[in-house]
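*Asks:* sequence first, then the predicted structure:
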Amino acid sequence: MNPEAEQPQAAPAKAAAKRRAGVPVWRTGKPDAFLAAAVDTARTAIEGITDPRTIGEHLAAKSEGDRLVTHLFESKLPGYAGWQWYAVLTRNSRSKAVTVNELGLLPSEDSILAPEWVPWAERVRPEDAQAQEPQESQPQEAAEEPSAPAAGADADDDDAPEGGAAAP
């Protein structure tokens, strides 16, 4: 077996594995010069989905294929520190018309991400189960019965004579 013949197959297999894992695979080639210069078009497209104040500086223009470029912008969206707005632009061969393919928000290596999901059965601790057990209820009878008026209190008493004096 020739080791040189196996190497070209290894690179596409790694790229395919990354694509399945949801990791963007950037081409190392030079991006299309016309699309790379279309920073304003990319920013205007992103402004269509978010407040312009949440779009920071232009970070990069990366090639994803022939006449296919992704523009990355800093995100100033609250709660999305380290994230990047992206706009994927393309054009037809020998055309100067830019087409926006996709827009969105991507995490970077510096992003704050939610922790991985853990099934309920694995994340409940013994002390969590004890906190959920019903405690012995105290008798509520005294609280439920109406309280009698205190002695000497001004109470509406139907047996009192009309003079305002209480009967002995």
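*Replies:* Happy to help now that I have it.
*Asks:* just give me the neighbour total for Val69.
*Replies:* As a burial measure, Val69 scores 26 neighbours (other C-beta atoms under 10 Å). For glycine as for every other residue, the C-beta is placed from the backbone atoms N, C-alpha and C.
*Asks:* actually Glu109, sorry about that
*Replies:* The local packing of Glu109 (other C-beta under 10 Å) involves 5 other residues.
*Asks:* the nearest residue in space to it that is not next to it in sequence and Val69, how far apart?
*Replies:* Here the nearest residue to Glu109 in space, its sequence neighbours aside, is Gly82; by C-beta to C-beta, 6 or more residues apart in numbering that works out to 7.7 Å. As defined by C-beta to C-beta, to the nearest Å, Gly82 lies at a distance of 22 Å from Val69.
*Asks:* what ranges of the chain fall below the confidence cut-off?
*Replies:* Within the chain, the set of residues satisfying pLDDT under 70 comprises 1-28, 129-168.
*Asks:* the helices in it, which residues?
*Replies:* Assigned by DSSP state H, the helices in the chain fall at 3-20, 33-36, 39-47, 120-123, 126-132, 141-144.
*Asks:* sheet partners, orientation included, of the top strand by length along the chain?
*Replies:* Secondary structure of the chain per DSSP state E: the longest strand is strand 55-65. Strand 55-65 has the following sheet partners, assigned by DSSP bridges: strand 68-75 (antiparallel).
*Asks:* what angle sits between the partner strand and helix 39-47?
*Replies:* The directions of strand 68-75 and helix 39-47 differ by 60 degrees, with axes from the mean of the first three to the mean of the last three C-alpha atoms, to 10 degrees as the criterion.
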